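Chemist: 3D, please:
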Amino acid sequence: MSTRPGAASVPDDALVEAVDGLRRRDPLASAATVFVPWQTRTLLVAAALLIAGLVLLPGATVVIVTAAVAVLYLATMVQRVLLFVAGLDERTILTVSEAEARELADDDLPRYTVLVPAYGEPEVIGQLLEHLGALEYPADKLEILVLLEADDTATVEAAQAAGVESPMRLILVPPAEPRTKPKACNYGMQFATGEIITIYDAEDIPDPLQLRRAVVLFRRDPGLACIQARLAFHNSDQNLLTGWFAAEYGLWFRYLLPGLASRRWPVPLGGTSNHLQAKVLAEAGGWDPYNVTEDADLGLRLARRGYRTGVLESITWEEANSDAINWIRQRSRWYKGYLQSCLVALRRPRNALRVIGLRGTVAMTLLLAGTPIAAASNLIFWLVAFIWLLGQPAAIAVAYPAPVYYMALTSFVIGNVLALYSTLLGARAGGDTNLLMACLLTPLYWILMAIAALKGIWQLLVRPSYWEKTVHGLDGQDDERTGHDRDHESESAVPSS
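Modeler: Numbering: from 1, shown residues only. The predicted model follows:
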């Protein structure tokens with residue numbers, strides 16, 4: 001096991017810190033507890049009122065619930081439009097030219113730490129070393145910590161066989177629950193010596209100049225605490241699902257995240273290629289090992305501490321998920337993690353309002369809680385619409401008085417048109433001109449989203465910290481050309497907390 005020289009007690013202490021450091025120092029910032037008491041009471045009261053209303057005043061209660069969902073849809077749609085319009089301004093995504101990146105003298109560069117957590121990845125370790133070796137950064141200013149579980153024998157042996165040479169170091173994480181990517185990153189962070197820390201997954205192919213570009217941005221704007229690079233997929237044309245996934249990511253990383261950053265609202269980070277000031281990361285408490293979207297959670301925690309995040313025009317290539325069942329497993333985990341992150345962020349509502357403001361708090365809530373709740377509600381309302389088309393029963397008409405009906409109709413017509421249009425622009429921004437059919441068929445993608453959202457909400461209640469296995473390497477392309485890219489989340493299995 002790798003340790004600091006002369007610090008034999010570090011591994012045990014480091015493991016305790018990796019697992020329980022955040023929870024011990026700031027319990028309200030950890031998702032180890034899903035609902036704090038006041039949130040539990042609020043949910044129980046809301047459930048009791050809903051049940052009582054359905055029993056005593058069913059008609060009025062159904063109208064209220066329908067109106068509430070219609071308002072949620074409309075608010076979510078308006079927010080997406082505002083973020084998209086903000087993201088259309090090319091200045092919202094930060095750019096650093098190759099010339100600017102290479103102008104920096106090697107002696108003038110800060111020390112950089114790259115964390116690479118991997119679990120059950122023996123087949124990609126060779127490609128990992130090759131891709132990281134392509135980073136254009138002086139070896140004496142770079143350390144790459146390859147974080148492997150000590151009992152993941154196959155991956156450890158594959159790494160040793162491939163040869164881990166300076167500036168790379170192999171760090172063996174002692175086996176302990178939860179076996180998550182954030183726990184491994186927390187462990188590795190305690191061995192890091194860099195002024196800037198970034199994360200790459202074992203299957204990523206980052207822009208070789210990405211580290212230098214990030215250094216330029218940090219110096220250009222000292223107020224930045226974190227820089228998120230863009231993520232894109234190399235296999236967008238594999239099937240319809242990968243086309244949907246690629247178009248969605250194009251919209252997310254080219255328009256919506258830059259739109260959030262430009263308004264200085266909380267930015268939910270991606271699970272890779274985020275570059276962080278080491279001192280800020282330590283102050284924020286590192287990552288939450290009990291949150292299944294630790295990246296989004298960290299982005300919100302930085303915002304709640306008053307720090308800013310920017311989005312960098314520098315691409316890290318990955319593999320889009322090409323199997324529907326596999327995609328649902330992955331997306332349900334993301335939706336569950338979004339809800340976890342939102343619950344944690346709202347545990348101190350007055351603090352959130354004071355630091356990020358009312359608009360930022362509303363934007364955060366709509367994005368992280370509104371997205372999965374609206375997606376899950378789709379199945380119910382699609383069923384209601386189908387029943388109405390079949391027989392137009394009076395009971396359904398009662399649930400849609402004129403104000404609710406026109407609000408829902410506005411969301412349905414205008415919202416769908418805008419969603420399709422923005423998805424097309426997202427695909428175009430990603431430079432992929434082969435996604436027209438996938439974009440036009442996006443409503444079918446929403447069915448998968450609805451299923452994943454329902455599953456994620458259910459798992460939040462019964463298995464909140466379970467990290468569901470995602471199968472990778474389904475692109476069927478040659479590893480040498482693609483680097484065997486896979487999705488940007490870790491894939492450890494975690495027992496429920």
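
Chemist: where along the stretch 251-400 of the chain do the strands fall?
Modeler: All strands of the stretch 251-400 of the chain, identified by DSSP state E, counting those that start in this stretch, fall at 274-277, 308-318.

Chemist: So which of the ones you listed is the most surrounded?
Modeler: Each of the strands of the stretch 251-400 of the chain was assessed for mean neighbour count using mean count of other C-beta atoms under 10 Å. The highest is strand 274-277, with a mean of 25. The way it works is simple: take the backbone N, C-alpha and C, and place the C-beta from them, glycine included.

Chemist: Run the angle between the lengthiest helix in the chain and strand 308-318 for me.
Modeler: Ranked by residue count under DSSP state H, the longest helix found in the chain is helix 58-88. Using axes from the mean of the first three to the mean of the last three C-alpha atoms, to 10 degrees, the inter-axis angle of helix 58-88 relative to strand 308-318 is 80 degrees.

Chemist: The next helix or strand after helix 58-88: which residues count as buried?
Modeler: Following helix 58-88 in sequence order, the next helix or strand is helix 98-103 (DSSP states H and E). Under the neighbour-count criterion of 16 or more other C-beta atoms under 10 Å, helix 98-103 has residue 101 buried.

Chemist: now swap in stretch 338-352 and tell me
Modeler: Counting neighbours by 16+ other C-beta under 10 Å, the buried set in stretch 338-352 is 338, 339, 340, 341, 342, 343, 344, 345, 346, 347, 352.

Chemist: cool, stretch 280-290 as well?
Modeler: Within stretch 280-290, the residues scored as buried using 16+ other C-beta under 10 Å are 281, 284, 285, 286, 287, 288, 289, 290.

Chemist: Between the two ends of that stretch, how far is it?
Modeler: According to C-alpha to C-alpha, to the nearest Å, stretch 280-290 extends 21 Å from its N-terminal end residue to its C-terminal end residue.

Chemist: Show me where the stretch 51-200 of the chain dips below the pLDDT cut-off.
Modeler: Applying pLDDT under 70 to the stretch 51-200 of the chain picks out no residues at all.

Chemist: Adding distance to residue 398 and pLDDT, write the buried residues of stretch 280-290 out as TSV.
Modeler: What follows is the buried residues of stretch 280-290, written out as TSV (distance: C-beta to C-beta, whole Å; pLDDT from 0 to 100):
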residue	distance to residue 398	pLDDT
281	54	95
284	50	94
285	50	93
286	52	94
287	49	96
288	45	95
289	48	94
290	44	94
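
Chemist: just to revisit the earlier point, between the buried residues of stretch 338-352, which sits nearest residue 275?
Modeler: Compare each of the buried residues of stretch 338-352 with residue 275 using C-beta to C-beta and the shortest gap goes to residue 341, at 20.2 Å.

Chemist: Identify the residues contacting stretch 88-105?
Modeler: Contact partners of stretch 88-105, identified using C-beta atoms under 8 Å, 6 or more residues apart in numbering, comprise 86-87, 136, 209, 212-213, 215-217, 227, 230, 254-255, 258-259, 261-262, 310-314.

Chemist: re earlier: sitting in helices, which of the buried residues of stretch 280-290 do you find?
Modeler: Using DSSP H, the members of these that fall within helices are 281, 284.

Chemist: Dump the buried residues of stretch 280-290 into JSON lines; add distance to residue 73 as well.
Modeler: Written out in JSON lines, the entries for these read as follows (distance: C-beta to C-beta, whole Å):
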{"residue": "281", "distance to residue 73": "36"}
{"residue": "284", "distance to residue 73": "33"}
{"residue": "285", "distance to residue 73": "35"}
{"residue": "286", "distance to residue 73": "36"}
{"residue": "287", "distance to residue 73": "33"}
{"residue": "288", "distance to residue 73": "30"}
{"residue": "289", "distance to residue 73": "34"}
{"residue": "290", "distance to residue 73": "31"}
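
Chemist: all helices for the stretch 301-450 of the chain, in order.
Modeler: 324-345, 349-365, 371-391, 394-398, 402-429, 436-440, 442-462 (DSSP state H, counting those that start in this stretch).

Chemist: tilt between the helix or strand harbouring residue 38 and helix 58-88?
Modeler: Take DSSP H and E as the rule and residue 38 turns out to sit in helix 37-56. Taking the same axes, to 10 degrees, one finds helix 37-56 and helix 58-88 inclined to each other by 130 degrees.

Chemist: Quick check, residue 448 in contact with residue 324.
Modeler: Yes - because the distance of 6.5 Å satisfies C-beta atoms under 8 Å, residue 448 is recorded as touching residue 324.
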